[in-house]
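**Student:** next comes the sequence, and after it the predicted model I'd like to discuss.
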Amino acid sequence: MMFRLALKSLISRRFSALVCIVMIALSTVALLTVDTLYRGTQSAFGRSVAGIDLVVGAPTGDINLLLFSAFHVGAPSRELSFTTFTRWQNDPTIARAVPLMLGDSHKGFRVIGTDTSLFDHFTSLHDGQVFTSGRAFTQVFDVTLGHEVAHKLRLKVGDTLNLSHGLGNHSFQKHDARAFTVSGILAATGTPIDKTLQVSLDGIEAIHWPPAKLANLPEQLAIGARADLTPDSLAAFYLTLDNKVRTFEVQRSINQNSAEPAQAILPGVAITQLWSMLDWVEAALLGLGLLSALVAAIGVASTLLGLLDKRLPEFLLLQTLGAKRRFVYTLLGIETATLVALGMLSGVAATLLVERTLLQLAQNNWGLYWPLEVNWLWLGSAFIALPVVTSLFLCAICAWRLRR
């Protein structure tokens, strides 16, 4: 009877009740969106180095090495010899070694010199198809494109392009002597690789030859066909071990190598260090969410208190007809808890619907990805606590007003 009476009471005030539900839903959307963005950013950082046990480069600092090798931000101050890479590539404890050469670009997008082990790395992470079209490079002057590069520059398999020296949007030294042909386009990964072009190590070495020497190379040249195209140095390389237990042993061997100074870092540890430097981002996002929730809460409270003032004669009439104050408080508490619960439920549904729609658009158009993970423990606790606290607060105010 009590619940049916509360429901009829809400229906009779459906417009004001709807306003309260919408305001609570918006505050819920704000808080959940902030939480999703924060955890999505953390997840994106982790996905960028997933499957990589060690990142090796010249001694330059953990975070700097991580930034230019995994996130393609900045540039190495020194390089490693190709001999060091070959040594660890042939080590029996290493399952996969991925070389990286940096320093060139195309219309503001970075070019990575590597080999097909990079695509083997993607295959091990994603059981699905690595390329949306085409294949990995097999010729010296083939290039594969990240998803975002192909989308923004409107390139497709078979198109040709020229690389430029340097990492800026504008370069004064273009490698016009030989064009590269697009052989494949990578599927969206939601990592910095979507914004890069990948060419072979032989291709990077060839375009830095003098034009007269480069002109003697045939248009179709298989990778590895010319020994003189082997580079002398690399910016960095990734290592994936067969036995993860030996990670620290291999790291120590690289860092203590007397033949050439080198630095091996654990990418997960470096990301934790980097993320600890960005605590202000978490605080700013949380503050923004709490501020919007506070504004919505003040609006809801003012609406409920306004309704309470209008309903005081109703409650007094119920007491005159014999209803006890406990009945009045219970009725008010049920109505308030129902409004808050409906508002939160609507906010959760709206958040999941909007984010799922935006996620699909972001993956298809920009290569962005964030996980649709809801902290159900936190959300369930809020579903229990907030309606109860709000109804008790409003009932206390009602009791104080009725006593006066």
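**Tutor:** Okay, I see it.
**Student:** which stretches of the stretch 201-350 of the chain form helices?
**Tutor:** Secondary structure of the stretch 201-350 of the chain, counting by DSSP state H, counting those that start in this stretch: helices at 201-207, 211-214, 247-255, 267-276, 279-320, 325-365.
**Student:** for Val73, which of those helices is the nearest?
**Tutor:** The minimum distance between Val73 and the helices of the stretch 201-350 of the chain falls on helix 267-276, with 10.7 Å, by Cβ to Cβ. Heads up, the C-betas are built off the backbone N, CA and C, glycines and all.
**Student:** circling back to that earlier point, which of the helices of the stretch 201-350 of the chain sits closest to Ala44?
**Tutor:** Closest of the helices of the stretch 201-350 of the chain to Ala44 is helix 267-276, at 10.4 Å (criterion: Cβ to Cβ).
**Student:** what does that closest one contact?
**Tutor:** With contact meaning Cβ atoms under 8 Å, 6 or more residues apart in numbering, helix 267-276 is reached by 42, 45-46, 49, 52, 54-55, 62-63, 65-67, 70.
**Student:** please indicate which of these are buried?
**Tutor:** Neighbour counting by 16 or more other Cβ atoms under 10 Å classes Gln42, Phe45, Val49, Ile52, Leu54, Val55, Asp62, Leu65, Leu66, Leu67, Ala70 among these as buried.
**Student:** okay, these in CSV with distance to Thr357, secondary structure and pLDDT next?
**Tutor:** Putting the buried ones among the contacts of helix 267-276 into CSV (distance: Cβ to Cβ, whole Å; DSSP: H, G, I helix; E, B strand; the rest coil; pLDDT from 0 to 100) gives the following:
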residue, distance to Thr357, secondary structure, pLDDT
Gln42, 22, helix, 71
Phe45, 24, helix, 75
Val49, 29, coil, 82
Ile52, 32, coil, 89
Leu54, 39, strand, 93
Val55, 36, strand, 92
Asp62, 38, helix, 85
Leu65, 38, helix, 89
Leu66, 33, helix, 88
Leu67, 32, helix, 86
Ala70, 30, helix, 86
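**Student:** of all these, which two lie farthest apart?
**Tutor:** Of all pairs drawn from those, the greatest distance, 21.3 Å, lies between Gln42 and Leu54 (Cβ to Cβ).
**Student:** so for the residue most central in space within the chain, what's the pLDDT?
**Tutor:** The residue lying closest to the centre of the chain (Cα atoms, centre = their mean) is Ala44, at 3.0 Å. Confidence at Ala44, expressed as pLDDT, is 71.
**Student:** neighbours of the closest residue to it other than its chain neighbours, just the number please.
**Tutor:** In space, and not counting its chain neighbours, Ala44 is closest to Gly190: 6.2 Å by Cβ to Cβ, 6 or more residues apart in numbering. Neighbour count of Gly190, defined by other Cβ atoms under 10 Å: 21.
**Student:** confidence score at Gly190?
**Tutor:** The model reports Gly190 with a pLDDT of 75.
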